[in-house]
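> structure for the following, please:
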Amino acid sequence: MFLTVRNEERHLPDAVASILAQDYRGELEVVIAVGPSKDRTAEVAHELARREPRVTVVENPTGYTPAGLNLAVGAARHDVLVRVDGHSYLPASYVSRVVESLRRSGAANVGGQMVPEGRTFFEKAVAHAMSSRIGIGSVAFHTGGAEGPVDSVYLGSFRREALEAVGGFDEAFLRAQDWELNFRLRQAGFQVWFDPALRVGYRPRGTWKALRLQFFRSGRWRRYVTQHHGVSAGLRYLAAPGAVVAMVLGVVAALAGVALGEPGWLAGLAVPAGYLAFTLLGALVAGRSLPVRARLILPGVLATMHIAWGLGFLRGSEKHADVPAPLGSPPRQSATL
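Here you go, the predicted model:
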């Protein structure tokens, strides 16, 4: 099992504890790639390795997720590679189910559903939004679905030979590297398999700023994936940026109408008003099971997710001088397994 972490002092011990508590009867190892952190993540990881011989720590000097994942895979000894996350919590039967699902499906990668589990009222609202079609769209690993082949899965559990065959995680994709890797696996003829029985607990972002940054960056990198591979973004991915553009144009039209004394300037506010009504009504219906305080902030959480993701998609990906070019784009430093 492998993961890469930064600034995860708070969650790492619980994540590793859930890995070590697996009921799997075969050999199990945990490889943690640790990036430069502002907290005691490195000390915590090394202490876990000192106490538990099944835990190995490797350094990830860049701190970037795909580089850390490749380093962790390179240090792992086994042929079934189960990715976990510093924010994730696994049920005890997870690895056993992964091995059985890989055998039964014949897939190169299997994964299940991300199940956000909030503790604070804000986290509960975010968790609810991330599991709702109105918040995240109809995506099996967010909202559930039938077992079978899919485009992508949460985290993923891989056959080593398939991962090596496509060159590992592409280190140019600082985000969306899971979707991008699954795209290359499918292009190479491998199958990506969704198993709804594989449910992974996940601690969602706990502040407005963290939530906004998470979705803004995800939107930026999703656009980069579609541009690099020349694939259609799809209606689901275009909905948020389309709504942002429509709302901005509506507000601009209304302001111009006021400035010019046009009597129909209110028509420009139809789209923003429609989105506001949609969000409020959707939150009212979807959030009925939430505590009152979480229900009150759910509309703001939904709007933050939609608008931040849409703005990120419109902005496009950020560039870093020390990140290699994408696979297939010369010159390229190969990903190391």
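> pretty sure residue 91 sits against residue 197.
No - in this structure residue 91 lies outside contact range of residue 197 using Cβ atoms under 8 Å: 9.5 Å. In this view, the C-beta of every residue, glycine as well, is placed from N, C-alpha and C.
> helices or strands next to the helix or strand harbouring residue 295 in the packing?
Assigned by DSSP states H and E, residue 295 belongs to helix 292-315. If contacts are counted by 3 or more Cβ pairs under 8 Å, 6 or more residues apart in numbering; DSSP states H and E, helix 292-315 sits against helix 121-130, helix 133-136, helix 208-229, helix 234-260, helix 270-286.
> element containing the nearest residue to residue 35 once chain neighbours are set aside?
Leaving out its chain neighbours, the residue that sits closest to residue 35 by Cβ to Cβ, 6 or more residues apart in numbering is residue 63, at 3.3 Å. Assessed by DSSP H and E, residue 63 sits outside every helix and strand.
> touching, residue 63 and residue 38? I think so.
No - with contact defined as Cβ under 8 Å, residue 63 does not count as touching residue 38 (10.7 Å).
> the two: which has the busier surroundings?
Per other Cβ atoms under 10 Å, whichever of residue 63 and residue 38 has more neighbours is residue 63, with 17 against 8.
> got the contact list for that one?
With contact taken as Cβ atoms under 8 Å, 6 or more residues apart in numbering, residue 63 is in contact with 6, 35-36.
> got it, and residue 161?
Going by Cβ under 8 Å, 6+ apart, residue 161 touches residue 79.
> so residue 33: helix, strand or coil?
Here residue 33 is strand, with the state taken from DSSP: H, G, I helix; E, B strand; the rest coil.
> doesn't residue 58 make contact with it?
Yes - contact criterion Cβ under 8 Å: residue 33 and residue 58 qualify, at 5.1 Å.
> need the residues touching each of these two.
Contact with both residue 33 and residue 58 is made by residues 71-72, 75, according to Cβ under 8 Å, 6+ apart.
> got the domain boundaries for this structure?
2-205, 234-315 (automatic domain parsing).
> would JSON lines of these with distance to residue 220 and mean pLDDT be doable?
Shown next, in JSON lines, are these (distance: least, Cβ to Cβ, whole Å; pLDDT from 0 to 100):
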{"stretch": "domain 2-205", "distance to residue 220": "7", "mean pLDDT": "92"}
{"stretch": "domain 234-315", "distance to residue 220": "4", "mean pLDDT": "91"}
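> out of these, deepest packed?
Compared across those, domain 2-205 shows the largest average neighbour count, a mean of 19 (mean count of other Cβ atoms under 10 Å).
> quick one on the thing from earlier: indicate which one of the helices and strands packed on helix 292-315 is closest to residue 45.
helix 208-229 (21.7 Å; Cβ to Cβ).
> what lies in contact with the closest one?
Residues outside helix 208-229 that contact it (Cβ under 8 Å, 6+ apart) are 122, 126, 173-176, 179-180, 183, 204-205, 231-233, 237, 240-241, 300-301, 304-305, 308-318, 326, 329.
> can you give me the buried ones in it?
With burial defined by 16 or more other Cβ atoms under 10 Å, the residues of helix 208-229 counted as buried are 211-212, 214-226, 228.
> give me the mean pLDDT for it.
Mean per-residue pLDDT for helix 208-229: 89.
> how far out from the middle of the chain is it?
The gap between where helix 208-229 is centred and where its chain is centred comes out at 10 Å by Cα atoms, centre = their mean, to the nearest Å.
> now the angle from that helix to helix 234-260?
Per axes from the mean of the first three to the mean of the last three Cα atoms, to 10 degrees, the angle that helix 208-229 makes with helix 234-260 is 120 degrees.
> can you name the residues in contact with stretch 145-158?
80-85, 88, 98, 101-102, 107-114, 140-142, 178-179, 181-183, 186, 191-197, 200.
> return the subset of the residues you listed lying in strands.
When the contacts of stretch 145-158 are checked against strands (DSSP state E), the matches are 80-82, 88, 109-114, 192-197, 200.
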